[in-house]
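Following is a predicted model, sequence given first.
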Amino acid sequence: MPDTAVTLTAMNATTRRVGMVELTDMDALALTQLVKHLSWAELRACSTSDAEVYEMREGVAKLKQLLAEVGYDPR
């Protein structure tokens, strides 16, 4: 089994449920490339409003920052 490179934890503020996923180096690199290339148009196509896109972009920005902090800067 590959070594874990990044562990992500999330909590639902309403239900207080916590989830965790461990990413391999390859997973983290692929996720880094995904968040680098996500555009407004792609997020808008998956949302119901512009307000929802702003929320998505905020979450993606936080994920991007976290990955960068642990050494996974987009190329």
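Looks like it arrived, so ask away.

What residues does the nearest residue to V21 once chain neighbours are set aside make contact with?
Distances taken as Cβ to Cβ, 6 or more residues apart in numbering put L8 closest to V21, at 5.3 Å, once the chain neighbours are dropped. C-betas here are computed from N, CA, C, even on glycine. Taking Cβ atoms under 8 Å, 6 or more residues apart in numbering, we find L8 in contact with 20-21, 23, 66.

buried set for whichever strand or helix holds L8?
Under DSSP states H and E, the secondary-structure element containing L8 is strand 4-11. Residues of strand 4-11 classed as buried: 5-6 (neighbour count, 16 or more other Cβ atoms under 10 Å).

ok, that strand: who's next to it in the sheet?
strand 18-24 (antiparallel) (DSSP bridges).

Kindly export the strand it pairs with (C-alpha atoms) in CSV.
Below are the C-alpha coordinates for strand 18-24, written out as CSV (Å, rounded to 0.1, in the frame of the first residue of the first chain):
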residue,chain,number,x,y,z
VAL,A,18,-16.3,14.1,10.9
GLY,A,19,-14.7,12.4,7.9
MET,A,20,-11.1,11.8,6.9
VAL,A,21,-9.3,10.7,3.8
GLU,A,22,-5.7,9.8,3.2
LEU,A,23,-4.2,10.8,-0.1
THR,A,24,-1.1,9.2,-1.7
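
Please name the nearest non-neighbouring residue to the residue at minimal distance from the centre of the chain.
By Cα atoms, centre = their mean, the chain has its centre lying nearest to L63, at 4.0 Å. Nearest non-adjacent residue to L63, counting by Cβ to Cβ, 6+ apart: V35, 5.7 Å away.
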